[in-house]
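**Student:** after the sequence you'll find the predicted model.
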Amino acid sequence: MIELTTLKGKSFYLNAELIEQIEELPDTIITLVGGKKIRVQESAQIVVEKVITYKRKIYHSTREVKKNEKKF
C-alpha cells in the first residue's frame, strides 16, 4: 500500500498493485484496473517513486523469507 493525498487534503492508502495508469492533466489521475479513477495531490513522478519503493520492500521481504527457508 502507498500513502497518497486527496485533492481535499485527506490521506489514504492505495493498493499499488491495482494501478493501471497514471496521468498528469494538471491534476494527477490514477486509473485502477477496475476502471475507477482517483485524483491525488501528488505528482505522477511522486506516485511512481512511491510504487517503486513499495515494490522494492516487497521484493526484499520475499528474498529474506526465501533465504530463511533455505536454512531449515
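**Tutor:** Received, thanks.

**Student:** state the pLDDT value of the most centrally placed residue in the chain.
**Tutor:** Nearest to the geometric centre of the chain sits A16, at 3.2 Å (Cα atoms, centre = their mean). Looking at A16, its pLDDT stands at 97.

**Student:** isn't it right up against T53?
**Tutor:** No: using Cβ atoms under 8 Å, A16 is not in contact with T53, being 9.4 Å away. The C-beta positions use only the backbone N, C-alpha and C, and glycine is treated the same way.

**Student:** list residues touching both of these two?
**Tutor:** Jointly contacting A16 and T53 under the rule Cβ atoms under 8 Å, 6 or more residues apart in numbering are I2.

**Student:** all the strands of the protein, in order from the start?
**Tutor:** Listed in chain order, the strands of the chain (DSSP state E) span 2-5, 11-14, 19-24, 28-32, 37-40.

**Student:** can you put those in TSV and add mean neighbour count and distance to Y59?
**Tutor:** Formatted as TSV, the entries for those read as follows, by neighbours: other Cβ atoms under 10 Å; distance: least, Cβ to Cβ, whole Å:
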stretch	mean neighbour count	distance to Y59
strand 2-5	16	15
strand 11-14	12	19
strand 19-24	13	17
strand 28-32	17	22
strand 37-40	14	24
